[in-house]
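1. everything below, folded, please.
(one chain, ligands or ions: 1)
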Amino acid sequence: MAKIVVLGAGISGLSTAYALESLAKRDNLDVEIVVLEKRERAGGKMMSVKADGFLCEWGPNGFLDNKPMTLDLCRSLGIDVNLLRSNDNARKRFIYAANTLHRLPENAASFFKSNLLSWPGKLRLGCEMLIPTKRDGADETLADFARRRLGREALERLIAPMVSGIFAGDPETMSLRSCFPRIHQLEQEYGGLLKAMAKLGRQKRAEVKAGKQVASAAGPGGTLTSFEGGIQDLTDGLVKKLGAEVRTDSGVTWIEPKQGGFLLHLEDETQVEAEIVVSATPAHALAEMLTQTDEQSAALLKKIPYASMNVVCFGYERDKITMDLSGFGYLIAKGGKRNTLGTLWDSSIFPNRAPEGQVLLRSMFGGATNPQAIELSEEEVKQKTMDDLKLIMGIEAAPDFVKVFRHRRAIPQYVPGHSERLVELDSRLDSIPGLFLTGNAFFGVGINDCVNASNQISDKVIAEIKKRG
Ligand SMILES: Cc1cc2nc3c(=O)[nH]c(=O)nc-3n(C[C@H](O)[C@H](O)[C@H](O)COP(=O)(O)OP(=O)(O)OC[C@H]3O[C@@H](n4cnc5c(N)ncnc54)[C@H](O)[C@@H]3O)c2cc1C
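-> I've put the predicted structure just below:
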């Protein structure tokens, strides 16, 4: 029997263990799977905190349904019946720029009517068609890409908020190719984003007309999807359905290779043997576990930086807020010199996030552009968030309910050189047979990306077990 140990019980580790179990069953392989988790609970960044009738997400508040991976997983777990789609009005998203909240345009007509970009900014964006394709193979930053193709204003008001919304990142230091491979690919394949949109739009219309596909009701960005009980229902569902043992309070300190496998050293000074190890921990944690095993792999992993973040949940009685809260919330444009990155109107997105007559707002504060924010006291974080809400949303009242979550290492940052580092890491790992890596540090930070990476690594692990016979 092959013993597989998965390290880390976030969505990546749990979905890997689940995929491994399913594949082993399909192929009639005899395997024992154990998941070792450092913390006292499984779920990693996914935790739904319930207090005073509010449901506050500690980390992610949902996944997008325009990719199949997480939906398929939910179906397989039998928890798809409890899926909760975001309200229709959550399609209304806002950007705070030049002291105003602007609705993010959803199509060309509303883009031209919108004041989010000035006329020179719109014209510059329209010139994207004429910009030559960059083919020097250099790993460009998102900011350089945006300035080159779309213009400075589009960088500040469209790209930078998107990067802070997904990565809490700084476009000046993030790699286009690693963060948004599809955008890089569209430039290379079609010679530009507008040309790609036009061509793909024509193709899609023709396919719909020929009955080959139905127009997606969810639109290109998909619909944010969660559960009645919050996003933690997904990791809870995995733990419940797994045959594998999930051992909490079991942090690994050293992955020691030995004949035919590994000896894993735990914080409590016990050891666990394994034939195959799949790490689904953050890169910095794996680096620590590999320091004595392979210094070069550890050094490569340490080069993946993480942005920190405070998540500030404020509950208010509804009538203390005068502005219309029908929408998803807003992100703040670059250069706005605000404390927060943006605020999600959580109780407008999903129905049961606040008690009757109250609302829940969730602000993101910190990120790669404001690393000092994680050092502030909780009181300072709260006060500075209130300052932003007063300025942007006109909220004068103090919140009736407050929860502040601190993430010292919230989200990995894919900086230029990321993809080359992954290739190097892959070849270093050839010298440690039986060790596999997954998790959000490598190929995408979204829940869909994590589930996809877990499925792919599980295929590789099963192939390895079959090869070993
Ligand atoms: C505030 C915030 C909001 C987000 N919003 C969204 C969103 O709305 N939608 C979306 O798709 N994504 C979102 N994300 C991203 C997404 O949540 C993460 O990328 C994803 O949950 C990461 O899962 P993971 O399993 O790879 O890592 P983690 O969840 O970090 O899990 C890693 C696990 O490894 C464990 N571990 C660490 N060291 C050891 C060790 N030595 N031994 C054993 N175990 C160890 C950790 O305790 C942890 O449980 C958000 C992230 C944050 C922080």
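
2. for the ligand, what's the nearest residue on the stretch 51-200 of the chain?
-> Proximity to the ligand, evaluated over the stretch 51-200 of the chain using Cβ to the nearest ligand atom, is greatest for residue 60 at 3.1 Å. Using the backbone N, CA and C atoms, a C-beta is placed for each residue, glycine as well.

3. and that residue, what pLDDT?
-> Listed pLDDT for residue 60 reads 98.

4. what about the spatially closest residue to it that is not a sequence neighbour, neighbour count?
-> With Cβ to Cβ, 6 or more residues apart in numbering as the criterion, residue 60 has its nearest non-adjacent residue at 5.4 Å, and that residue is residue 231. The local packing of residue 231 (other Cβ atoms under 10 Å) involves 26 other residues.

5. residue 231 and residue 125, how far apart?
-> Between residue 231 and residue 125 the computed distance is 34 Å (Cβ to Cβ, to the nearest Å).

6. same question for residue 159.
-> To residue 125, residue 159 is 11 Å away according to Cβ to Cβ.

7. more neighbours, these two?
-> residue 159 (23 against 20).

8. quick one: residues contacting that one.
-> 142, 143, 146, 150, 171 (Cβ atoms under 8 Å, 6 or more residues apart in numbering).

9. ok, residue 278 next?
-> Residue 278 makes contact with 4, 5, 6, 7, 13, 16, 20, 436, 437, 438, 457, 461, according to Cβ under 8 Å, 6+ apart.

10. what do you get if the cut-off is 10 Å, keeping everything else the same?
-> Contact analysis of residue 278 by Cβ atoms under 10 Å, 6 or more residues apart in numbering lists 4-8, 12-13, 16-17, 20, 33, 35, 434-439, 454, 457-458, 460-461.

11. same question, residue 163
-> Residues near residue 163 by Cβ under 10 Å, 6+ apart: 142-143, 146, 155, 169-174, 179-180, 331, 334, 341, 367-369, 413.

12. report the buried members of the residues you listed.
-> Neighbour-count burial within the contacts of residue 163 applies to 142-143, 146, 155, 169-171, 173-174, 179-180, 331, 334, 341, 367-369, 413; the criterion is 16 or more other Cβ atoms under 10 Å.

13. just the buried residues from the contacts of residue 278, in ChimeraX please.
-> Filtering the contacts of residue 278 down to the buried ones (16+ other Cβ under 10 Å) takes a single ChimeraX command:
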select :4,5,6,7,8,12,13,16,17,20,33,35,434,435,436,437,438,439,454,457,458,461
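
14. quick check: residue 428 vs residue 273, distance?
-> Counting by Cβ to Cβ, the gap from residue 428 to residue 273 is 23 Å.

15. same drill for the two, tell me which one is more crowded.
-> Taking other Cβ under 10 Å, residue 428 and residue 273 do not tie; residue 428 has more neighbours (18 against 12).

16. quick check: closest non-adjacent residue to the more buried one.
-> Per Cβ to Cβ, 6+ apart, closest to residue 428 is residue 297, 4.5 Å.

17. output the set of residues of the stretch 201-350 of the chain in proximity to the ligand.
-> 251, 252, 280, 281, 282, 285, 289, 309, 311 (Cβ under 6 Å from any ligand atom).

18. if we use 5 Å, what do you get?
-> 251, 252, 281, 285 (Cβ under 5 Å from any ligand atom).

19. and which of these is nearest residue 352?
-> Nearest to residue 352 among those: residue 281, at 32.3 Å, using Cβ to Cβ.

20. tell me the contacts of the closest residue to that closest one other than its chain neighbours?
-> Leaving aside its chain neighbours, residue 281 sits nearest to residue 8 (4.0 Å; criterion: Cβ to Cβ, 6+ apart). For residue 8, the contact set (Cβ under 10 Å, 6+ apart) comprises 14, 16, 35-39, 42, 44, 251-252, 278-282, 285-286, 438-439.

21. from those residues, which land in strands?
-> Among the contacts of residue 8, the subset assigned to strands under DSSP state E consists of 35, 36, 252, 278, 279.

22. which strand residues bridge the third one?
-> It stands for residue 252. In this entry, residue 252 is beta-bridged to residue 266, by DSSP bridges.

23. check the last one too.
-> In this structure, residue 279 bridges to residue 7, residue 437 when assessed by DSSP bridges.

24. can you tell me the helix or strand for residue 442?
-> Assigned by DSSP states H and E, residue 442 belongs to no helix or strand.

25. and the gap between it and the ligand?
-> Per Cβ to the nearest ligand atom, to the nearest Å, residue 442 is found 9 Å from the ligand.
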